[in-house]
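Colleague: just the structure for this:
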Amino acid sequence: MAKKEVTIEQIKKLKELSGAGLTDAKKALVEADGDFDKALETMRKKGLTKAEKRGDRETREGLVEAYIHDGRLGAIVEVNCETSFVAKTDEFKTLAHQIAMQIASMNPLYVSEDDIPEDVKSAKIKELEENFKGPENMKEKILEGQVKKAFSDRVLMNQPYILDDSKTVEQFIKEAIAKTGENITIRQFKRIELGVTE
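Modeller: Okay, the predicted model is just below:
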């Protein structure tokens, strides 16, 4: 099979998305035979993406942003970063506003999979196990995928990003981390709809 030619545009895009150097980006693309997604995945696995390295850094600054739609529904979100300098930039304010819009529009229940209460997850696993009709030797793997799918629209980070559904909210945040050079986290949110109580 002929190898795909690696273009400078691909290298630049991979460099921008991953925050890695041009040399690392080019090497990953060459090793992946020009397959962009495979190259990005390889860099993630090797820990070459700066967004992942920054993921461990503390986020004590940030802002609380709100979005109200038609006076009928709204969302408020706490988005954190590392420094007050970044928190005050227009780019960060825009990001926080877009996350508030996402919450208002898509009604997630949890920030990440780690926030799903154990009893809720266990109940879902039990329900799926009772209705399982696949091969026994694949049961664990299939159930794992089904659980992930069952909560995917309820977990903010796993949702398709409303302004570009080719990426998830998590990927959108990682791109922002690569651009700002700081770790960015979503600590908490609340969505309120007129006449609807939880």
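
Colleague: what's the separation between the residue nearest the centre of the chain and Glu118?
Modeller: Nearest to the geometric centre of the chain sits Glu170, at 0.8 Å (Cα atoms, centre = their mean). Distance, Glu170 to Glu118, using Cβ to Cβ, to the nearest Å: 22 Å. (C-beta placed from N, C-alpha, C; glycine too.)

Colleague: Phe189 should be in a strand, yeah?
Modeller: Yes. Phe189: assigned to a strand according to DSSP: H, G, I helix; E, B strand; the rest coil.

Colleague: find the nearest non-adjacent residue to it, please.
Modeller: Val77 (4.2 Å; Cβ to Cβ, 6 or more residues apart in numbering).

Colleague: which ones are touching the one you found?
Modeller: Val77 makes contact with Val64, Glu65, Ala66, Ala96, Ile99, Ala100, Ile103, Ile186, Gln188, Phe189, Lys190, according to Cβ atoms under 8 Å, 6 or more residues apart in numbering.

Colleague: distance between the ends of stretch 77-95?
Modeller: By Cα to Cα, to the nearest Å, the extent of stretch 77-95 from end to end equals 11 Å.

Colleague: could you do stretch 23-42 as well?
Modeller: 14 Å.

Colleague: again with stretch 173-189
Modeller: 16 Å.

Colleague: before we move on, what about stretch 98-113?
Modeller: Stretch 98-113 has an end-to-end distance of 21 Å (Cα to Cα).

Colleague: looking at that stretch now, give me its mean pLDDT.
Modeller: Computed over stretch 98-113, the mean pLDDT rounds to 95.

Colleague: quick one: contacts of that stretch?
Modeller: 65-69, 73-77, 79, 116, 148, 151, 153-159, 161-163, 169, 172, 186-189, 191.

Colleague: can you flag the buried ones in these?
Modeller: Neighbour counting by 16 or more other Cβ atoms under 10 Å classes 65, 67, 73-77, 79, 116, 151, 154-159, 161-162, 169, 172, 186, 189, 191 among the contacts of stretch 98-113 as buried.

Colleague: from the chain's centroid, how far away is stretch 8-22?
Modeller: Its chain's C-alpha centre and that of stretch 8-22 lie 19 Å apart, by Cα atoms, centre = their mean, to the nearest Å.

Colleague: let the chain start at 53 from now.
Modeller: Okay, residue one is now 53; in that scheme the one you just asked about reads as stretch 60-74.

Colleague: state the mean pLDDT of it.
Modeller: In the prediction, stretch 60-74 has an average pLDDT of 75.

Colleague: and if you look at stretch 233-250?
Modeller: 89.

Colleague: flag the shaky bits of this protein, pLDDT-wise.
Modeller: Residue ranges of the chain with pLDDT under 70: 53-56, 70-72, 96-109, 250.
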